[in-house]
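Student: Curious how this folds, go ahead:
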Amino acid sequence: MATIFDILNTINNKNDIYGSGCKRKGIDKIDIIPPIDVSMTESMFVVEIELAGISKGDIEIDIKDSILTIKGEKKNNSFDKKRPLTKDEDLKLSQERKSNTDQIFMISERSFGKFKRQINLAKVLYQLDLSSIKTNFENGVLTITFNKKLDYSDSLKISIN
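Tutor: Down below sits the predicted model:
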């Protein structure tokens, strides 16, 4: 029987979980890595991911080939520049400040961009009732809950005819 430690090993193993911030073949560029919690009880399997500042319409969840994928984008509607300004841009911005009341950021510490977290469920998938999946997005935390099947076995006895 798979344990919560089997799941945690798949999250911490970079071959199973993408979120290192680097581009891999077939994987979108990742800008931010939201924190994730995975827990299991006798009756439930729960994934919680912190997505503060993200609209639920900007989040996608799917399961394919035993991989639970949560991806989306945290958009920054107030500040688009991620690089230092050139001298020309800085001069132009200084001139615009005199005639424009737009917000100018002196410090921006929040992270924005695309995210993608994946959990390999292969070791526990046989225990989960996929028809029971429930999601809740409240106070910036997305919770995905699976009920466990009432009768599952990690082994099967096969009789010979």
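Student: Longest strand of the protein, counting residues only.
Tutor: strand 128-138 (DSSP state E).
Student: which strands and helices sit next to that one?
Tutor: Judged by 3 or more Cβ pairs under 8 Å, 6 or more residues apart in numbering; DSSP states H and E, strand 128-138 is in contact with strand 59-64, strand 141-148. C-beta coordinates here come from the backbone N, C-alpha and C atoms, glycine included.
Student: give me that answer again for 6 Å
Tutor: strand 141-148 (3 or more Cβ pairs under 6 Å, 6 or more residues apart in numbering; DSSP states H and E).
Student: got the angle for the strand it packs on vs strand 128-138?
Tutor: Strand 141-148 runs at 160 degrees relative to strand 128-138, counting by axes from the mean of the first three to the mean of the last three Cα atoms, to 10 degrees.
Student: Quick check: phi and psi at the spatially closest residue to residue 117 that is not a sequence neighbour.
Tutor: Spatially, and ignoring its direct neighbours in sequence, residue 117 is nearest to residue 70 (4.9 Å; Cβ to Cβ, 6 or more residues apart in numbering). Main-chain dihedrals, residue 70, degrees, to the nearest 10: phi -120, psi 120.
Student: Give me the neighbour count for residue 70.
Tutor: Residue 70 has 21 neighbouring residues, counting by other Cβ atoms under 10 Å.
Student: hang on, it packs against residue 63?
Tutor: No: Residue 70 is beyond contact range of residue 63, at 10.3 Å (criterion: Cβ atoms under 6 Å).
Student: Note down every partner strand of the longest strand of the chain and its orientation.
Tutor: strand 141-148 (antiparallel) (DSSP bridges).
Student: Quick one: residues in contact with the partner strand.
Tutor: By Cβ atoms under 6 Å, 6 or more residues apart in numbering, the list of residues contacting strand 141-148 from outside reads 43-51, 127-129, 132-136.
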